[in-house]
Every structure is written in C-alpha cells, then in structure tokens.
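Participant: here is a sequence together with a model predicted from it:
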Amino acid sequence: MSSIIARSLRLVQASSFVRALHVSSTQLAGRQKRRVKVGSSLHKYSPEVRREHARIYEELDTILEEDEFEGDEDEDISAKLDPNGKANPNEKEKLNEKEQPIEEEESIDEKGVVYKEDEYDHHTFAHLLVNSIDDVKKYTRQMYIEFPTLAQHASPFKPPSENRFLRFERSVTIGDKNLSEDRKVLLRLQVSKLGLKGAELRKFLLLVGDRYNPEIDELKMSENRESSSLMNKKVLGDTLIALITEAKKTDDQFADVPLDFSSRGYKPAPIFPTSWLPKLKEKREVKEKPRAKKEHKPKKKNKSKRRTPKNISSQ
C-alpha cells in the first residue's frame, strides 16, 4: 500500500489536509519515534485521523487498480478526485456497485466463534495465556467428572508369564518426536532362560562377548541404527534368533577358545580346599592343651626422695 500511496502522491497534487493526515499517521505509526502528549489534540483525535487516513488511501488504491485503468492509461487521475483529495461521488458509486468495502473484518477462531478484529485488542501472547487457562479449566473439570468412573475399568495386576522374559527398554521425549536418543532400544534377558546347555551355552557366550554379565547372568544388547524404535526392536529380535541358531550348530564348537570375562573385572572367588582344614581330633587336642601362665613380677618402687623444705634449708 505504501508504494501505491507514493505513486499517487507523485501523480496528484494532494491538498494540505491530506498531507497533514499523512504526517500525523507517520507520527502515530512510530516511524519518527516521537511521543505524543496525552493532552494534545493529536492524541485526542488520533483514532479518527487514522480512520480517515485509511479510508482516503483505500479509495486511492481502488482507483489505481489495474483493472480500472485498462485502456485508459492516458486518462488524468486528477479528474477522478475533487479538490479536497476525495473521490468524486460518481466514481464512488461505481466502486460501491462493484465491490462493497468491509469496514470491520470478521474472523473465526478454532472453536467456531465469530469475532471482529479490534485494533485495541490484546496482543497474541495474552490470547495464548487465556487459552492455556481455558485448557487447564477444561481438563480439571473433566478430571472431577470422569475420575469416579475409572474404577469400573480397573483390573488386577497380572505378572508376565515365565515365557515372556525379554525386556525391551526405550526413552520417550514429550514434545520432540525426532530425537536420535528416542530411536535407541535396549534388550535385557537372562541367558539361563534360553534353554542352552553345555557346548551350546559356551558357544553362545563366545558369540555374545562382552555383552554378557556373568555376575547377574544377564545379556544386554542395544540398537539405534534404524529410523524408528520399532525397527530397532525388530533388528534386536532377529539378531537374538540368529545367535541362538548359530550356537546350536555342531560344525564348529570353538573348543580351543577360552571364555574370558576379564573386561568386566569379574574374578571368581577361589574355593578353599577341604584338605587344608584340621581334623576333629587335632581340634580337641588344641583345646585341651593348657596355656602357659606367665610369671607375675612385682613392679619396682621408685626410691627417689622428694626435696622437702627442711632439706632445702639444710643445704
């Protein structure tokens, strides 16, 4: 709109009233960043001046539209304006016939309520604050109404069966669905529940490596290379099945490779040999032997004489 106003001012010699309106609008818009005094006439009539200014330049915009001037490029624009800078009544009637201007714009919010835009309304953050308060009231009311009915849907806790011993763990960040940490899935299980024994169990532990913790008999594996947590969970399940099938093969049992858990710092406690324990008869003999009594020697008395005042005087 500013470009259209500039072009119209070049073509048409506007009156002093229009220029005054233009200057007052720039002051009110804050372009020159000048404060308007509360008691001044500009502050008193500023809403009316702005409305009049907007109305005049809306009429100028409609006059300068390209559709209005098709084939009439050489026509003088000043003929369509009166000396006061307003459009002629004949031209104004033609414009009203084609399109009736809307004085106040109406809009519909998310809830379907129609309201009129007000230039003195609150800013966006105030409306967001009011909407958040309404949401809290809504869910609080819903909690008080639906909370008594939740007892009808309650069911007793049933622990998982022994066959369901796989535990998948993942993290969820509320508000952000594309974090790389949320794609990671962790698998925990006890190796003793897989049913592997002997050479199969030994080969399985060799294939697993450092992921097995012998202190608590737990296998832990993780995956985060896929794009979603469900895909990573499927990859972990396929990997576990492939390890079990490979451990059950009898072509090579890796008998010459020892199991090494030194990376975990796990050191098995050595069993004390029973051959080193004393026999029962030797224990009784040790108990029956009397202890040798130590001779009690009396303490020597200190024979040092104290210096009395008499001895001091005699000296």
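Facilitator: Arrived safely. All figures in this text were calculated on a predicted structure; none of them were measured in a lab.
Participant: ok, and what's touching the helix or strand harbouring D182?
Facilitator: When elements are assigned from DSSP states H and E, D182 belongs to helix 180-183. Residues outside helix 180-183 that contact it (CB atoms under 8 Å, 6 or more residues apart in numbering) are R170, S171, V172, T173, D176, N224, E226, S227, S228, S229, N232. Using the backbone N, CA and C atoms, a C-beta is placed for each residue, glycine as well.
Participant: minimum pLDDT in those residues, which residue is that?
Facilitator: Lowest pLDDT among these: D176, with 82.
Participant: now do the contacts for that residue.
Facilitator: D182.
Participant: got the phi/psi numbers for it?
Facilitator: phi -140, psi 110 (degrees, to the nearest 10).
Participant: what about the nearest residue to R202 once chain neighbours are set aside, which SS state?
Facilitator: Here the nearest residue to R202 in space, its sequence neighbours aside, is L259; by CB to CB, 6 or more residues apart in numbering that works out to 6.8 Å. Secondary structure for L259, judged by DSSP: H, G, I helix; E, B strand; the rest coil, is coil.
Participant: L206 too?
Facilitator: The three-state label given to L206 by three-state DSSP is helix.
Participant: spit out the contact partners of it.
Facilitator: Counting by CB under 8 Å, 6+ apart, L206 has contacts F254, V257, L259.
Participant: K203 versus K249, what's the distance?
Facilitator: According to CB to CB, to the nearest Å, K249 and K203 sit 8 Å apart.
Participant: re earlier: who wins for neighbours among the contacts of helix 180-183?
Facilitator: N232 (22 neighbours; other CB atoms under 10 Å).
Participant: my guess is it meets N224, correct?
Facilitator: Yes - if you go by CB atoms under 8 Å, N232 and N224 touch, sitting 6.1 Å apart.
Participant: what is in contact with these two at once?
Facilitator: Residues touching both N232 and N224 comprise R183, K184, V185, with contact defined as CB under 8 Å, 6+ apart.
Participant: how many neighbours does the first one have?
Facilitator: By that I understand R183. The number of residues packed near R183 is 19, by other CB under 10 Å.
Participant: any idea how far it is from M231?
Facilitator: Going from R183 to M231 by CB to CB gives 8 Å.
Participant: same question, the second one
Facilitator: K184 sits 12 Å away from M231, going by CB to CB.
Participant: more neighbours: which of these two?
Facilitator: K184 (17 against 14).
Participant: distance check, the more buried one against N213.
Facilitator: Shown here: K184 relative to N213, a distance of 19 Å by CB to CB.
Participant: as CSV, the shared contacts of N232 and N224 with distance to F272 and pLDDT would be great.
Facilitator: CSV is the format used below for the shared contacts of N232 and N224 (distance: CB to CB, whole Å; pLDDT from 0 to 100):
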residue, distance to F272, pLDDT
R183, 50, 93
K184, 45, 94
V185, 44, 96
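Participant: and which of these is nearest to K158?
Facilitator: Closest to K158 out of the shared contacts of N232 and N224 is V185 (24.4 Å), distances taken as CB to CB.
Participant: just checking, the closest one touches E223?
Facilitator: Yes - assessed by CB under 8 Å, V185 is found in contact with E223 at 5.6 Å.
Participant: shared neighbours of those two, anything?
Facilitator: With CB under 8 Å, 6+ apart as the test, V185 and E223 both reach N232, K233, L236.
Participant: could you pull out the strands for the stretch 151-300 of the chain?
Facilitator: 167-170, 185-190, 212-213, 218-223 (DSSP state E, counting those that start in this stretch).
Participant: quick one: the last one to strand 185-190, angle?
Facilitator: Okay, so that is strand 218-223. 160 degrees (axes from the mean of the first three to the mean of the last three CA atoms, to 10 degrees).
Participant: strand 218-223 pairs with which strands?
Facilitator: Sheet pairing of strand 218-223 (DSSP bridges) gives strand 185-190 (antiparallel), strand 212-213 (antiparallel).
Participant: for the helix or strand hosting D134, packing partners?
Facilitator: D134 belongs to helix 124-146 when assigned by DSSP H and E. Applying 3 or more CB pairs under 8 Å, 6 or more residues apart in numbering; DSSP states H and E, one finds that helix 124-146 contacts no other helix or strand.
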